[in-house]
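> Here is a sequence with its predicted model. Questions after.
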Protein chains: 2
Amino acid sequence: MRRVVATGTFDILHPGHIYYLEESRRLGDELHVIVARDANVRHKPRPVIGEAQRLRVVQALRMVDFARLGDRTDMFRPIEEIGPAVITLGFNQHFSEEELREALKGRGIQAKVVRIGEYTGDPCSSTRRIIERILETRGKQG
Amino acid sequence: MRRVVATGTFDILHPGHIYYLEESRRLGDELHVIVARDANVRHKPRPVIGEAQRLRVVQALRMVDFARLGDRTDMFRPIEEIGPAVITLGFNQHFSEEELREALKGRGIQAKVVRIGEYTGDPCSSTRRIIERILETRGKQG
């Protein structure tokens, strides 16, 4: 059983997320998704949708075998529990493959790190762009 | 085979959509979703995400057996093709059960119309509320 771990906030679900998760799923037999805790989203604005509901939407996706919220204090704990062969990063996830590899090594976790490329099929392929488009088109009306 | 048809724009996918589709799926053996064409969304602001991509996200949901875009000119044509036992309406879909029943009858379509209640588990249970929250919280920063 080759497990793959994908991670993310999955705030406003969009085609870029679907692509990231589908591509991640292809790299193994079982896809485990770790959904970021509200309190741990600190490198970008707080999510619009709360963590329990973001988890619920991710769990409804057919390529996702298991999904759970991240650990509040130790991001590597769920990875240790799952024991993946592969950990994927989305194209715009903020930490580098190299940093993650080093950190995993430091924890004794043997997992390949794979960066999934950008989904180019739609201009709204990131939550940031969707929010920008909403502010551009709807903000004027408000 | 008891088919259920659910319809919607599914612009920014949220827990209210998941609830609507899960509840719809329970009413039969096979869930068919008709995703509104961009050009046919006229009773509310144009979708943020294009129709092909909204379809792609809906197709990725595990409770959805089949999804397709609506007909450009005749909303009843896909319903005739699918031949559902049940058609569901979301809590905030703008036409009434009575109007829909009359229109179906006029087309000779035998299907039960069921209104799915509101999902109350999250304050962001409609796209409108999500957009409002984005404008409130992010619009100030821009």
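Received the coordinates, thanks. Since we're looking at a predicted model, the values are computed, not measured.

> residue boundaries of the helices in chain A?
Using DSSP state H, the helices found in chain A span residues A:15-25, A:51-59, A:77-82, A:97-106, A:127-138.

> Just put the ones you listed in JSON lines and tack on distance to residue B:86 and mean pLDDT.
Glycine gets a C-beta too; all of them are placed from N, C-alpha and C. Output for the helices of chain A, formatted as JSON lines (distance: least, CB to CB, whole Å; pLDDT from 0 to 100):
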{"stretch": "helix A:15-25", "distance to residue B:86": "27", "mean pLDDT": "95"}
{"stretch": "helix A:51-59", "distance to residue B:86": "24", "mean pLDDT": "94"}
{"stretch": "helix A:77-82", "distance to residue B:86": "39", "mean pLDDT": "97"}
{"stretch": "helix A:97-106", "distance to residue B:86": "47", "mean pLDDT": "93"}
{"stretch": "helix A:127-138", "distance to residue B:86": "32", "mean pLDDT": "74"}
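
> Buried deepest among those helices, which one?
Mean neighbour counts were taken over these using mean count of other CB atoms under 10 Å in any protein chain shown, and the top value, a mean of 23, falls to helix A:15-25.

> from the chain's centre, how far out does that one sit?
Using CA atoms, centre = their mean, to the nearest Å, the mean C-alpha position of helix A:15-25 is found 9 Å from that of the whole chain.

> Which strands or helices does that helix pack on?
Other elements packing on helix A:15-25 under the criterion 3 or more CB pairs under 8 Å, 6 or more residues apart in numbering or on different chains; DSSP states H and E are strand A:3-8, strand A:30-35, strand A:86-89, helix B:51-59.

> do you know which of these lies nearest residue B:29?
With CB to CB as the measure, helix B:51-59 is the member of these nearest residue B:29 (18.4 Å).

> by how many degrees do that closest one and strand B:3-8 diverge?
Taking axes from the mean of the first three to the mean of the last three CA atoms, to 10 degrees, one finds that helix B:51-59 is oriented at 130 degrees with respect to strand B:3-8.

> And the contacts of helix B:51-59?
A:13-15, A:18, A:121-122, A:124, B:9-11, B:13, B:33, B:35-38, B:47, B:49, B:64, B:67-69 (CB atoms under 8 Å, 6 or more residues apart in numbering or on different chains).

> now the residues you listed: which count as buried?
A residue is treated as buried here by neighbour count (16 or more other CB atoms under 10 Å in any protein chain shown); on that basis the buried members of the contacts of helix B:51-59 are A:13-15, A:18, A:122, A:124, B:9-11, B:13, B:33, B:35-37, B:47, B:49, B:64, B:67, B:69.

> coming back round to it: as a markdown table, the helices and strands packed on helix A:15-25 with distance to residue A:135 would be great.
Conversion of the helices and strands packed on helix A:15-25 to a markdown table gives the following (distance: least, CB to CB, whole Å):
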| stretch | distance to residue A:135 |
| --- | --- |
| strand A:3-8 | 22 |
| strand A:30-35 | 25 |
| strand A:86-89 | 27 |
| helix B:51-59 | 19 |
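
> closest to residue B:101 out of these?
helix B:51-59 (25.0 Å).

> Quick check: residue A:68 touching residue A:37?
No. Under the criterion of CB atoms under 8 Å, residue A:68 makes no contact with residue A:37, lying 10.6 Å away.

> what's the burial count for residue A:76?
Residue crowding around residue A:76 was assessed by other CB atoms under 10 Å in any protein chain shown; the count is 14.

> again, but for residue A:91
Counted by other CB under 10 Å, the residues lying close to residue A:91 total 15.
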